[in-house]
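> kindly generate the corresponding structure for this input.
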Amino acid sequence: PLPSDVGERQQPVRLGIKNADPSIIRVGSTYISAESDGSRLYVRTAASVAALASAARTQVWGNPTGLGEVWAPQIVRDGTTYVIYFAAGTGSAHRMYAIQSQTPNAGYSGAVKLALPDDKWAIDGTAFIYRGQRFFVWSGWVGNSNGEQTLFIARMSNATTITGPRAVISQPREGWEQADVNPPTRVNEGPEVIIDPNGQLHVVYSANGSWDTNYCLADLRLRADGDPMYVWDWFKSNGCLFGANGGIMMSGWDPTLYAKGVGHHSFVLLNGDPNTSPPAGPQFPLAYHGVPKADSPNPFWSGRYWYSGTFQWWGNITYTRGTERNTGWSLKFYE
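Here you go, the predicted structure:
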């Protein structure tokens, strides 16, 4: 059966962190988050996701050379090293950077610019290992202008070195990814990686503009034994899986009741490593940003908070592309 959470959903847990783009990992029994104030980077540590809201926010990078707008830090643990990936720059100059440390909330190196192929506008990047190969996935432009935000992937040889070309894995070409009309927005961003119970790779991403109620989460599922660098081995969900606009949800998935503009999530994985992805069955921690539906902030961005929700695997779901069909695990998200 398709998912229905009538009677299940409760008032969401809004963390007392008024910010966007949560990145949270678990290391042992400690939860570690990274955030930006638009210019600098901060880390919190706590014994639970909920406790992060009251944890001290420690500055770990002060932007000493004035790189411009600092967006969407992503923290992972690579062996014994903590790495925070983030975008910085102004306008079309946004590029991906990384800082590293042996401890989560102190001692980070200076920022290193990642030499992404073609050196175009890039944000929301994160690194992962899949079947022994390192990869980097991010949102960027094909060319030099903001026509649409595309999801790219490239291979890596270590935590900060890209090898080989970039490959497109998703572009916002579906009608439900083009729900914004004022302005017309074409966005695929905020990619987060997870591996399903069959061992298949997923990239769950945010579609539509983050400044409106159409912002939502959707899924890319790599076919069994597919090549992550080959776009036609990826199958896209036939609509949003988590969002406030019922008109753009995948059939059988219900819109949120309490939060709008939901997206740019974090799966709260052990070490931030998709190879620790949870099994089928129970619900597991999820963080995302959103705006209370009861609020009407202007501008919308200023009203965003971090939320703590849950997710679980949902099996035997078919994604279609033209006449092609691919059936496997999808995801169910709960406020």
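
> what helices or strands is the lowest-mean-pLDDT helix or strand in the chain leaning on?
Ranking every helix and strand in the chain by mean pLDDT, DSSP states H and E puts strand 13-14 at the bottom, with a mean of 88. On a contact count with 3 or more Cβ pairs under 8 Å, 6 or more residues apart in numbering; DSSP states H and E, strand 13-14 meets strand 305-321. For the C-beta atoms, the positions are set from N, CA and C on the backbone; glycine is no exception.

> sheet partners, orientation included, of the strand it packs on?
strand 13-14 (antiparallel), strand 284-292 (antiparallel), strand 324-334 (antiparallel) (DSSP bridges).

> export it to PDB, keeping only CA atoms.
Extracted in PDB, the C-alpha atoms of strand 305-321 (Å, rounded to 0.1, in the frame of the first residue of the first chain):
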ATOM      1  CA  TYR A 305      13.800  27.200  11.800                       C
ATOM      2  CA  TRP A 306      15.400  23.900  12.200                       C
ATOM      3  CA  TYR A 307      12.900  21.100  12.800                       C
ATOM      4  CA  SER A 308      13.500  17.600  14.200                       C
ATOM      5  CA  GLY A 309      11.400  14.900  12.400                       C
ATOM      6  CA  THR A 310      11.800  11.300  11.400                       C
ATOM      7  CA  PHE A 311      12.000   9.200   8.200                       C
ATOM      8  CA  GLN A 312      11.700   5.500   7.300                       C
ATOM      9  CA  TRP A 313      12.100   3.400   4.200                       C
ATOM     10  CA  TRP A 314       9.000   2.600   2.200                       C
ATOM     11  CA  GLY A 315       9.300  -0.300  -0.100                       C
ATOM     12  CA  ASN A 316       8.000  -1.500  -3.500                       C
ATOM     13  CA  ILE A 317       7.600   2.000  -5.000                       C
ATOM     14  CA  THR A 318       7.800   2.600  -8.700                       C
ATOM     15  CA  TYR A 319       9.400   5.600 -10.300                       C
ATOM     16  CA  THR A 320       8.800   6.200 -14.000                       C
ATOM     17  CA  ARG A 321      10.700   8.000 -16.700                       C
END
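
> kindly provide the whole-number mean pLDDT of it.
Taken as a whole, strand 305-321 carries a mean pLDDT of 97.

> buried set for it?
305-309, 311-314, 317, 319 (16 or more other Cβ atoms under 10 Å).

> quick check: which element contains residue 71?
strand 69-78 (DSSP states H and E).

> contacts only, for residue 247.
By Cβ atoms under 8 Å, 6 or more residues apart in numbering, residue 247 lies in contact with residue 179.

> quick check, it in a helix?
Yes. With DSSP: H, G, I helix; E, B strand; the rest coil as the criterion, residue 247 is part of a helix.

> do you know how far it is from residue 47?
40 Å (Cβ to Cβ, to the nearest Å).

> equivalent analysis for residue 230, please.
Distance from residue 230 to residue 47, by Cβ to Cβ: 42 Å.

> same deal with residue 122?
In terms of Cβ to Cβ, residue 122 sits 35 Å off from residue 47.

> neighbour count winner among those two?
Neighbour count, other Cβ atoms under 10 Å: between residue 122 and residue 47, residue 122 has more, with 23 against 11.

> which residue packs closest to that one, ignoring adjacent ones?
Nearest non-adjacent residue to residue 122, counting by Cβ to Cβ, 6 or more residues apart in numbering: residue 140, 4.1 Å away.

> mind listing the residues bridging to that neighbour?
Residues in beta-bridge contact with residue 140 (DSSP bridges): residue 122, residue 150.

> coming back round to it: list the buried ones in the strand holding residue 71?
In strand 69-78, counting by 16+ other Cβ under 10 Å, buried: 69-78.

> try stretch 37-45
41-45.

> tell me where the model's unsure across the stretch 101-250 of the chain.
Along the stretch 101-250 of the chain, no part satisfies pLDDT under 70.

> can you show me the strands along it?
Secondary structure of the stretch 101-250 of the chain (DSSP state E, counting those that start in this stretch): strands located at 112-113, 122-130, 133-140, 150-158, 161-170, 188-195, 201-207, 216-222, 234-236, 242-243.

> quick one: closest of these to residue 272.
strand 122-130 (8.1 Å; Cβ to Cβ).

> name the helices or strands packed onto the closest one?
By 3+ Cβ pairs under 8 Å, 6+ apart, strand 122-130 packs against strand 69-78, strand 81-89, strand 95-101, strand 133-140, strand 188-195.

> if I look at residue 324, how far off is residue 226?
13 Å.

> okay, now stretch 44-55: how far is its last residue from its first?
End-to-end span of stretch 44-55 (Cα to Cα, to the nearest Å): 6 Å.

> who's in contact with it?
Under Cβ under 8 Å, 6+ apart, the answer for stretch 44-55 is 13, 15-17, 24, 29-33, 35, 56-58, 104-105, 268, 285, 287, 306, 308.

> please indicate which of those are buried?
15, 17, 24, 31-33, 35, 104-105, 268, 285, 287, 306, 308.

> how about the strands of the stretch 101-250 of the chain in TSV, adding distance to residue 333?
Listed next are the strands of the stretch 101-250 of the chain as TSV, based on distance: least, Cβ to Cβ, whole Å:
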stretch	distance to residue 333
strand 112-113	34
strand 122-130	19
strand 133-140	20
strand 150-158	19
strand 161-170	19
strand 188-195	12
strand 201-207	9
strand 216-222	6
strand 234-236	16
strand 242-243	4
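
> if anything else comes up later, I'll come back, but that's it for now.
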